[in-house]
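Participant: Let's see this in three dimensions:
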Amino acid sequence: MATLFIKNMVCNRCIMVVQNELDKLGLTIKNIKLGEITLEQEPTAEKKMKLENALNPLGFEVIDDKKSRMIERIKNVIIELVHYRDGDIKNNLSDVLSEKLHHDYNYLSNLFSEVEGTTIEKYYIAQKVEKVKELLVYDELSLSEIAYRLNYSSVAYLSNQFKKVTGLSPSHFKQIREDKRKPLDEV
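Facilitator: Model prediction:
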């Protein structure tokens with residue numbers, strides 16, 4: 001059995017693309033999830049090189065060093081929390097990361113800042129803002145429903161954080177998106 005770590009896997013479509021490349025090379029997958037693949041057996045050096053050459057043009061990268069693997073695992077936990085576990089963020093992010101990654105949060109935080117040049121908290125906020133944008137564009141939830149779903153203490157706090165990151169209020173962002181849409185007869 002062998003485990004490979006892949007950088008930039010952020011969604012289910014990424015999993016499908018990577019899985020397709022592994023299938024083309026005849027590598028048997030035991031388990032695949034965001035950023036991590038478990039294979040039935042260790043790939044040969046030649047197959048590993050072919051995999052890297054196939055994944056790189058698609059925006060993925062096989063990660064070999066421990067620091068980069070840990071950074072990618074931190075990002076994947078945050079992406080999973082924000083984008084795939086609506087309203088499931090009941091504990092502190094630091095507790096969730098420490099528990100899932102089996103490391104002290106201070107270690108994870110320092111490593112992330114050193115390698116990424118930003119804090120875990122800023123990355124987490126950026127992911128939450130991206131999720132807010134997505135939910136605003138879908139136009140199915142009110143701002144207070146979005147705030148509740150993403151565990152914001154209030155709509156005002158969500159709006160302030162959104163404006164700090166994007167420079168726009170959520171309602172202005174939504175208006176701009178709507179203005180860019182053309183009616184079908186103008187397409």
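
Participant: for residue 164, what are its contacts?
Facilitator: Contact analysis of residue 164 by Cβ atoms under 8 Å, 6 or more residues apart in numbering lists nothing. Yep, even glycine has a C-beta here, placed from its N, CA and C like the rest.

Participant: For it, report the pLDDT, please.
Facilitator: As predicted, residue 164 sits at a pLDDT of 94.

Participant: what helix or strand does it sit in?
Facilitator: Using DSSP states H and E, residue 164 falls within helix 155-166.

Participant: in the helix or strand following that helix, what's buried?
Facilitator: Reading on from helix 155-166 to the C-terminus, the next helix or strand found by DSSP H and E is helix 170-180. In terms of neighbour count (16 or more other Cβ atoms under 10 Å), helix 170-180 has its buried residues at 170, 173-174.

Participant: likewise stretch 144-155?
Facilitator: Per 16+ other Cβ under 10 Å, stretch 144-155 contains these buried residues: 146-150, 152, 155.

Participant: Give me the contact list for the helix or strand hosting residue 55.
Facilitator: In the assignment (DSSP H and E), residue 55 maps to helix 45-55. By Cβ under 8 Å, 6+ apart, the residues outside helix 45-55 that reach it are 4, 6, 18, 21-22, 24-27, 43, 61-62.

Participant: Can I have the buried ones of those residues as a ChimeraX selection?
Facilitator: In ChimeraX syntax, the buried subset of the contacts of helix 45-55 is picked out as below (16+ other Cβ under 10 Å):
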select :4,6,18,21,22,27,43,61
